[in-house]
Structure formats: C-alpha cells, structure tokens
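A.B. asks: have a look at this prediction, sequence included:
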Amino acid sequence: MRDERRGGGMTGRGLLALNAGSSSLKFALADIGPDGSRRPTLSGQVEAINTAPHLVARDCAGNSLADQRLDAGEPADHGRVLGSLIDWIEGHLGAETIEGVGHRIVHGGRQFTAPVRLTREILGQLEALTPLAPLHQPGSLAPVRALMRLRPDLPQVGCFDTAFHHAMPASSARFALPRRFEQDGVRRYGFHGLSYEYVARHLRQTAPDLAAGRVVAAHLGNGASLCAMKDGRSLDTTMGFTALDGLVMGTRCGSLDPGIVLYMLREKHMSADEVEHVLYHESGLLGVSGGLSSDMRDLLASPERAAAEAVELFVARIAREVAAMAASLRGLDGLVFTGGIGEHAAAVRAAVCERLAWLGITLDATANHAGQPRISAPSSRITALVVPTDEEATILRHTQDILARVQHPTDQGS
C-alpha cells in the first residue's frame, strides 16, 4: 500500500496511460477501486528519451513527486525508459500491480475506428500504416513494442487519434482524386481525436445545450487543427490524409498548394526526403519567423517583424478555417480553445475572436486575460470557452472499458 504521506492509499490496481512523442513520453496513472471506480493518482512526463531521460511527476494536487534523471542505462531508448518508469511507479509509489496500459496511437487507418486490445498481429497492422504518418506512427508504437518485450503478459490497449473522425460525411472525408486512390485509403482521416473526444465529453457534462449544438474546437499547440462537432460528433476537420494539412503549426506548413511540392521536386531538384524535411521540420511558425522559433511564447515576446508576421498568419489561418468549419456545421454556437497555445496564449485567442467578430463572437477581455473557462461576453451570440484538454484521461477511460469487456485477446475485434 502507498504510504499515506505520499498522497493517499492505493488499492494495488493501477492503469497507466502513455502518450508518446518522438523524444518525450507523457504518462498518467489511475487507481481502480474495488467497485471499478477510477481515481487519477499521478501524471508526468519523461523528456529527452533518446539522450538524457528526465522524469517529472506530480500528484493530483500538483505536488512534485519526482524531478530527476531517469536511470535508463546506455544507450537510452523507449524500452529502457519504460522499464525504469514502471519500476519507479511500482517501487516508489506503491502500485503493486499495473493491470493494463493504454496508448495514444496517432493513426488507425480505415480499420481501427475504436480502441482495441493490442496483440502482435494488430501491432503489425499498425506498423503497416507508418507511410500515412511517417514521423508520428513509429513513436506511437515504440512503447507498445517495448512493453510486449518487457512484460509480455501485461494487457495493452490502443486508442487512436483518427478514430473520432472516422464517421465524417463523405463530403468532408473525400479528396477530389480518382476513386482508385480512395480505394487505397487516401482520404481525410483527421487527428487530435483523443483531445476532441475529451472536449466533447467535457461539454456534455458542463454545457449540455452547447454540446448538442454546433461547436468548433480548436486544438492549438505545436500541432494544430480544428474540428467541427455537432452533438459531440465530428463532421469536419482541418487535418487530412497526414498531420501536415490545415492550420499553420510549429514547424509544419499546414494547407499547401500541391503544385509547390511539384515545383520543389522539378525546379529545385529536391528529393522526396528533402521535401518531407522542409514541410515537417522547417516550415510553420519556425519558417515564417525566419528561423526565430517554433514556440508561440517566444514569438509573442519577440520585437522582430518576422515573429509578428508568423503570429498573424497563424491567427489568420485559424479564423479562415473556423469560418469553413462553420459552413460545414451550417452555423456556429460555440468556439472552444484547447491545447498548449489555445489554453495559455490569451493574445492568440483575442486575435482569433477579433477576426471572427462578424460571426457573432464578442470577447470578454478581462475573462480572456485571466484564462477563465468562458471568455465570451454575456452579450455574445457565440459562446467562446477555454477547455484544458486531457488526452490521458480519455486513454485511461477507454483502457478500463476494454479490459473490463475483453476477457481474452481472442474475444476482441479490430
């Protein structure tokens, strides 16, 4: 049992959520009570996985539990880091058993439209989707593969960022290409689905009338997208076949005339790998700011004209795409800001709302500056909210549901 001085007892049954990036790993642990109740107990992140893994962990009250170098051996990798992380959780926090692990997996393709119990066969099918998300899928799957090796009997559940959008109407999902490409899986998949699912659930609990209406959720961070939701379901989204499409992002270009790619290939004699690197790593806020930074905080604080121009383009694209999402919804009742920038950059929220005043958004400047949950004025026709997202909470909920429903791996479908 956990020492009471460490923040409360545990039953010894824990569920772990993992949200992996290429060089970092977010995690959250929940305690499952005898009655099946789920109680969050801690959360944190391991940074610099491949170089000098550093563990930061907090309890639910925000108190620090760890801020230390994680002993993961040399060379560090997902497997070593995960082994050390689980040892730390079980050894130092008293969780006798981690009953299951849920993962955020970026791409589920056409087949995986709901969370599933992960097997080696399913892992192989997910690895085959890597060309659809070449920079994200490998990082999503690395912890799954590592845990299958380290703890082969530990149940794992995959939760897919694309699943929330799978039932979008054809007019939103289809590209105007020959149908043979669509038959090969070329369609708008959309991403950030776990975040949007959390927002939709939060609205149903806190603002049911708004949740039943027409809402655009803006997940704004290093990766950024919009989702048009009606009655909590995705009708349209800005990200497409890959996570490159849509809004301006930290280092990604967003919507781009495909003729530019042809120009790079033909006139600039760039290889496909070189083009990919430019679009994923040198563009977005970083590229437009002239290499100053991909971090919105740096750009808002900078006196450089190029920084202001990058922010202006970021805001302009958001406002333009919100209007497009409103067209898909045939009206707009609410706008929700979430993600790192959406939750913390009041200046960005204000600029977006100012550009959308013609739609009926009136900002409460004081509430916005304070980061209050509702930032629209009482007179505003459209409600504007700030909702801190929690993808790990969504993963934990799905993981508990799957493990309660699926008694044997052979019982599950894909």
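C.D. replies: Yep, that arrived.

A.B. asks: residues of the lowest-mean-pLDDT helix or strand in the chain that come out buried?
C.D. replies: Counting by mean pLDDT, DSSP states H and E, the chain has its least confident helix or strand at helix 78-92, which shows a mean of 84. Of the residues in helix 78-92, those scored as buried under the neighbour-count criterion (16 or more other CB atoms under 10 Å) are His78, Gly79, Arg80, Val81, Leu82, Gly83, Ser84, Leu85, Ile86, Trp88, Ile89. C-betas here are computed from N, CA, C, even on glycine.

A.B. asks: by contact count, what packs against it?
C.D. replies: Judged by 3 or more CB pairs under 8 Å, 6 or more residues apart in numbering; DSSP states H and E, helix 78-92 is in contact with strand 13-20, strand 25-32, strand 38-47, strand 97-105, helix 137-150.

A.B. asks: quick one: contacts of the longest one?
C.D. replies: This means helix 137-150. By CB atoms under 8 Å, 6 or more residues apart in numbering, the residues outside helix 137-150 that reach it are 18, 20-22, 25, 77-79, 82-83, 86, 101, 103-107, 118, 120, 123, 126-127, 129-130, 154, 156, 158.

A.B. asks: quick one: it to chain centroid distance?
C.D. replies: Centroid separation for helix 137-150 versus its chain: 18 Å, with CA atoms, centre = their mean, to the nearest Å.

A.B. asks: quick one: the strands in this protein?
C.D. replies: Applying DSSP state E to the chain gives strands spanning 13-20, 25-32, 38-47, 54-59, 64-69, 97-105, 116-117, 156-160, 214-220, 224-230, 233-237, 334-338, 383-386.

A.B. asks: who touches the second one?
C.D. replies: Looking back up the chat, that one is strand 25-32. With CB under 8 Å, 6+ apart, strand 25-32 has contacts from 10-11, 13-20, 38-46, 49, 78, 81-82, 85, 89, 93, 95, 98-99, 143, 391-393, 395-396, 400.

A.B. asks: Gly342 reaches Ser225, doesn't it?
C.D. replies: No. Here Gly342 lies out of contact with Ser225, judged by CB atoms under 8 Å, at a distance of 10.8 Å.

A.B. asks: what is the burial count for Tyr263?
C.D. replies: Tyr263 is surrounded by 12 other residues when neighbours are defined as other CB atoms under 10 Å.

A.B. asks: and it, what's its pLDDT?
C.D. replies: We have a pLDDT of 98 for Tyr263.

A.B. asks: mind listing what it touches?
C.D. replies: No residues are in contact with Tyr263 under the rule CB under 8 Å, 6+ apart.

A.B. asks: just the buried residues out of the contacts of helix 137-150, in ChimeraX syntax.
C.D. replies: Listed next is the ChimeraX selection for buried residues among those, using 16+ other CB under 10 Å:
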select :18,20,21,25,78,79,82,83,86,101,103,104,105,106,107,118,123,126,129,130,156,158
